[in-house]
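Chemist: How does the following fold in three dimensions:
(2 chains)
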Amino acid sequence: MSKQNLPLRAAELRLETLRVFEARGFGHVGGAMSVVETLAVLYNSVMRVRPEEPGWPERDRLVCSKGHAGPTVYAALAARGFFDKELLKTLNRPGTTLPSHCDMNKTPGVDMTTGSLGQGVSTAIGLAMGQKLRGQDARTYLIVGDGECNEGQVWEGLMLAAHRKLDNLIVFCDNNGQQLDGYIKNVLDTGDLADKFRAFGFFTQSINGHDTKAIENAIEAAHKEGAASHRPSMIVLDTKKGCGCTFAEDQEFNHHIAFTPEQMGEALAAAQKKLEEVSA
Amino acid sequence: MSIKMKAVLETEKNMMRDTYCRVLVELAKRDENIVAMDADLMSSSGMKPFMQAFPDRFINCGIAEANMVGVAAGLSAMGFVPFAHTFGTFATRRVCDQVFMSAAYAKLNVRIVGTDPGVCAAYNGGTHMPLEDMAVLRAIPEMILIEPTDSVMLENLLPQIAKQYGVYYIRLNRKNAVGVYEAGSTFQIGKGALLRDGADVTLFASGIMVAEALEAAKLLEEQDVSTRVVNLFTWKPVDTELIMESAKKTGAVITCENHNVVGGLGSAVAETLVKACPVPVEMIGVQDEFGEVGPEDYLRGRFCLNAVDIAAAALRAVKRKG
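Modeler: Prediction:
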C-alpha cells in the first residue's frame, strides 16, 4: 500500500504527541498513546485528504469518537501539513484552536466534534451514509475506545451500519483494556468485543495495534471485504494504554494524568531513542 | 409577515402530520439535500408517502433515538438537511446530549421534529407526555424552537426551516389543529403574530393554547377587559421586542402554554420582562406536575388549560397592576 516508512512516522508521531502535552503538565496521555500507530498509518498512507483544502468535499473522513485522543490527532494533522507545528504548543490554552477534545469548528482537518463518548459512532455513520448518498467512493474511518463500548449508543450505531451495508465505514476499536476508573474487566467487563462486533454484522479482524504493517494490511483487507460483501469493517486493535510513554505505560490510572518536567523529560528521551532506532 | 385570521375558529379537516409530509415531499422534490428520518414511528408521523417518493432519502433508524440524532448530524456535515422525527419525549429529553454535542455544539444543520406536545399525548399517558421538551432544549445555545399553530402556519414555516441553517426543534401536533389562520398567511421565525389588540392585558400563547387565548379574550371583553393576544410560536429566539411593546402597552401579561411553566414559554417571557418592564405576569400551563393518561379535553381541564382558566388569570393580573 505505502512507500512511507510507517514505523518511523509512528515514532515521530509519538514523540510529537508527548510534546503536545509537555507544556501543560497534565492531560489524557494514556488513550492518546494507544492510537499513535493507527493515526500514523491513516494520515500517511491511507486517507485521501488535502491539507491545503481541509474542506475538500470528497475527502475521506476521520471521526475520533474517543475525542480525548485529540492531541494525537492534532500532531498527526500538523505532521501532514494541515497547520503549523508551532500551534501544537497551544493545547488547552485560553482561546486555543486545539482543545482537549476534537472540535471540527476549531481545528483544520478535524472532521467531527467529539468528546461525549458514543456519539462519534453515530456521526461517523451519518458521514459514511452521506458519502454514499452523494455517490462518492470516499470512506469514513472511526476510532472508538473499548471503554467507550460501555455506551449503548455504540451498539445502536453498529446495528444501523450493518443494516445499511455501510461498506465504506472502517471502525477501529482501541482495545487497551483500561478505562478511567481502572481495568475494564473490573469496571464494566465488555467481554469479547471481537465476538460482539462479529455478531453485529461487522467484518472483524483482531490485530496488534502497535504494528503499523498489521494495521495497513487490516485496512487493505477491510477495503476488499467491503467491496465483496458490503459489510462494514471493525479492526480490533490490541494496544497498551500509555504505550511508549515511560510514566504512563503499565499504570492502572493513566487516563488523565499529571506529570513532572523530569518525568516528561525521561519520556521524551525514551521516545527519541526509539525514533533513532527505527530510523537507523 | 402577512396574517389573516379566520373569522370562525374550527378544527381543521386535515391532520397536521399530513401537511408536514406533503410539504416535505414537495420541498424534497426541489432540494435533493432534504432527507427524512424516523425512529420506528413512521406510521405515527405519517411519513410513508415520503419514504415511497424518496426511498434512498428516508432512513428509519429503528428504536434508537440517540443514534438517529447523531446520524442526522453526520449527514448534515455532508451537506444534507435532515428532518428527524420521533415523539417529543424521545426527541428531547432522551437525546438531550446528542442534540447538544453532535448537532448544536458542532454547529451542524439539523431539524428535530417532536410530535404529541403536552396533553396531545392523551392516551399514551404521562410516560409519553412532553411537558418539558422545550425547557430541555431551550437551555442549549443557538437552538431555534418552534411550535406551529395550525397547518397554514406549518406549511408556511417548513420551507423557511428547510432553507435556513441551524439546529431546529419543531414541536408538532400531528393531529387536527384548530385552524386560526387563513390560507396564504405568512410568518417570520422569531417574530410573534399579533392576533388581536387590546389595552388592559396581553395573552401570549402557543400551539393549542392560541385558540383558547382567543376565546378567553372574548370572555374578558364581556367583562370590559380589553385584551391583546399574541401567538408566540417561536419560543427561542423569543420576540423580545413584541413582548416589551405589549407589556408597556397593557401593563399585565398572561402566558399560555401546553407545557410545564418551568423553563418554557412563561419563563422565556418572564426572563425578558424582569430585565426592563416587570409588569404582573401569570403563567397558564402545567404547574410543575407530571402528565397523566386520558382524553385531551379531560387533561386540559385537569391542568387548567382552558379559556376560562386564562380569563381568570387575566383578571388576577389586572388586579395586581399598581
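Chemist: Okay, and B:Ala213 sits in which element?
Modeler: Taking DSSP states H and E as the criterion, B:Ala213 maps to helix B:209-222.
Chemist: The following helix or strand past that helix - contacts with which helices or strands?
Modeler: Moving toward the C-terminus from helix B:209-222, the next helix or strand (DSSP H and E) is strand B:227-231. Where contact means 3 or more CB pairs under 8 Å, 6 or more residues apart in numbering or on different chains; DSSP states H and E, strand B:227-231 is packed against strand B:193-196, strand B:201-205, helix B:209-222, helix B:240-250. Heads up, the C-betas are built off the backbone N, CA and C, glycines and all.
Chemist: Other residues contacting strand B:227-231?
Modeler: B:149, B:180, B:192-206, B:210, B:213-214, B:216-217, B:220-221, B:242, B:246, B:249-250, B:314 (CB atoms under 8 Å, 6 or more residues apart in numbering or on different chains).
Chemist: now swap in stretch A:255-265 and tell me
Modeler: Surrounding stretch A:255-265, the residues in contact under the criterion CB under 8 Å, 6+ apart are A:18, A:21-22, A:25-31, A:68, A:178-180, A:241, A:246-248, A:251, A:267.
Chemist: Dump it to PDB, restricted to CA.
Modeler: The C-alpha coordinates for stretch A:255-265 follow below in PDB (Å, rounded to 0.1, in the frame of the first residue of the first chain):
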ATOM      1  CA  HIS A 255      -6.400   8.000  31.500                       C
ATOM      2  CA  HIS A 256      -5.800  11.600  32.600                       C
ATOM      3  CA  ILE A 257      -2.600  12.200  34.500                       C
ATOM      4  CA  ALA A 258      -0.300  14.900  35.700                       C
ATOM      5  CA  PHE A 259       3.500  14.600  35.300                       C
ATOM      6  CA  THR A 260       6.600  16.400  36.400                       C
ATOM      7  CA  PRO A 261       9.000  18.000  33.900                       C
ATOM      8  CA  GLU A 262      11.500  15.300  34.900                       C
ATOM      9  CA  GLN A 263       9.100  12.500  34.100                       C
ATOM     10  CA  MET A 264       8.300  14.100  30.700                       C
ATOM     11  CA  GLY A 265      12.000  14.600  30.000                       C
END
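Chemist: hang on, A:Gly31 packs against A:Asp174?
Modeler: Yes. Using CB atoms under 8 Å, A:Gly31 is in contact with A:Asp174, at 6.9 Å.
Chemist: need the strands for chain A, in chain order.
Modeler: For chain A, the strands defined by DSSP state E cover A:26-27, A:61-64, A:140-145, A:169-175, A:178-179, A:182-183, A:203-208, A:233-238, A:257-258.
Chemist: Tell me which stretches of chain B form strands.
Modeler: B:5-11, B:34-38, B:58-60, B:81-87, B:110-115, B:144-146, B:167-172, B:178-181, B:193-196, B:201-205, B:227-231, B:234-236, B:253-260, B:281-286.
Chemist: out of these, deepest packed?
Modeler: Highest mean neighbour count among those (mean count of other CB atoms under 10 Å in any protein chain shown): strand B:201-205, with a mean of 32.
Chemist: For the closest residue to chain B within chain A, which non-adjacent residue is closest in space?
Modeler: Among the residues of chain A, A:Gly126 lies nearest to chain B; the distance is 1.8 Å by CB to the nearest CB. Spatially, and ignoring its direct neighbours in sequence, A:Gly126 is nearest to B:Gly74 (1.8 Å; CB to CB, 6 or more residues apart in numbering or on different chains).
Chemist: so what's the one you found up against?
Modeler: Counting by CB under 8 Å, 6+ apart, B:Gly74 has contacts A:112, A:122-130, B:102.
Chemist: Need those residues in TSV (columns: neighbour count).
Modeler: Putting the contacts of B:Gly74 into TSV (neighbours: other CB atoms under 10 Å in any protein chain shown) gives the following:
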residue	neighbour count
A:Met112	28
A:Ser122	30
A:Thr123	36
A:Ala124	33
A:Ile125	30
A:Gly126	34
A:Leu127	32
A:Ala128	30
A:Met129	24
A:Gly130	24
B:Ser102	33
